[in-house]
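> Here is my input; please provide its structure:
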Amino acid sequence: MLLRTQYSRILIISIIIILSIAWYLFAKRIPFIESTFDNGHENWLVSGDAESGLPNYSVDGGNPGGFVYAEDKAVGGVWYWFAPRKFYGNRSSYYGQHLLFELKQSKTIDQFDNNDIVLVADKMELVFKTAKNPGLEWTSYKVVLDESAGWINKNTGKDATKEDIYNVLAHLNGLYIRGEYVVGDDVGSLDNVRFGELP
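From the prediction side, this is the model:
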């Protein structure tokens, strides 16, 4: 009987410890922000020489579900997807986390190079160039939000430091993802933008 009582106490204490650790890890989890475009354009905008303003929306054809797209006017500029307000504010807790998104384009000829992601905070801009341009089908991107990824401080032209990235995330008021990759008319599409920790 004594051994059974001791075993029960040890079991109860072990369960309490496991539940306490699980609660702590859950409480420390950083919530993610996302746009899946399954119910509309979610207040994303097109910025640049495409159809500036609200993008076009398709209820299907995304990966999966809905997605947004814009048609390039081919007037010489570069257009970007501009994230809505829910992505902004003090996002310093996302340092070391990821920005994920999916793109596709209607053509892959006559490609040109430019900054693919721009993070803005007041007068500072960080820019990033991905290793590949999107294809004709959905192309996934996952970019880490720290100094190891290859972010550039546009103000200095040098590699962004930990402090640079942390400060921009702490005062984030602009997130731009390039939508145009072709010299000439084309259509760029966006789906599944996620900012922060994976679920």
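> going forward, measure contacts between C-alpha atoms and count neighbours the same way
Noted.
> can you pull out the strands in this protein?
33-35, 45-47, 56-58, 67-71, 80-82, 98-105, 117-121, 124-128, 139-144, 152-153, 158-159, 174-178, 187-196 (DSSP state E).
> Now do the fourth one: everything it contacts.
In this case it means strand 67-71. 36-38, 40-41, 46, 50-51, 55-61, 185-191 (CA atoms under 8 Å, 6 or more residues apart in numbering).
> Please repeat the previous calculation with a cut-off of 6 Å.
37, 50, 55-58, 186-191 (CA atoms under 6 Å, 6 or more residues apart in numbering).
> Pick out the least confidently modelled helix or strand of this protein, by mean pLDDT.
In the chain, the helix or strand scored least confidently by mean pLDDT, DSSP states H and E is helix 2-28, which has a mean of 51.
> Near the residue nearest to residue 106 when sequence neighbours are not counted, how many other residues are there?
Spatially, and ignoring its direct neighbours in sequence, residue 106 is nearest to residue 187 (5.2 Å; CA to CA, 6 or more residues apart in numbering). Per other CA atoms under 10 Å, the neighbour tally for residue 187 reads 18.
> returning to what we had before: redo the strands of the chain as JSON lines? Include distance to residue 88 and mean pLDDT.
Listed next are the strands of the chain as JSON lines, based on distance: least, CA to CA, whole Å; pLDDT from 0 to 100:
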{"stretch": "strand 33-35", "distance to residue 88": "10", "mean pLDDT": "96"}
{"stretch": "strand 45-47", "distance to residue 88": "14", "mean pLDDT": "94"}
{"stretch": "strand 56-58", "distance to residue 88": "23", "mean pLDDT": "96"}
{"stretch": "strand 67-71", "distance to residue 88": "20", "mean pLDDT": "96"}
{"stretch": "strand 80-82", "distance to residue 88": "11", "mean pLDDT": "96"}
{"stretch": "strand 98-105", "distance to residue 88": "13", "mean pLDDT": "97"}
{"stretch": "strand 117-121", "distance to residue 88": "9", "mean pLDDT": "98"}
{"stretch": "strand 124-128", "distance to residue 88": "14", "mean pLDDT": "97"}
{"stretch": "strand 139-144", "distance to residue 88": "17", "mean pLDDT": "97"}
{"stretch": "strand 152-153", "distance to residue 88": "19", "mean pLDDT": "98"}
{"stretch": "strand 158-159", "distance to residue 88": "23", "mean pLDDT": "98"}
{"stretch": "strand 174-178", "distance to residue 88": "7", "mean pLDDT": "98"}
{"stretch": "strand 187-196", "distance to residue 88": "10", "mean pLDDT": "95"}
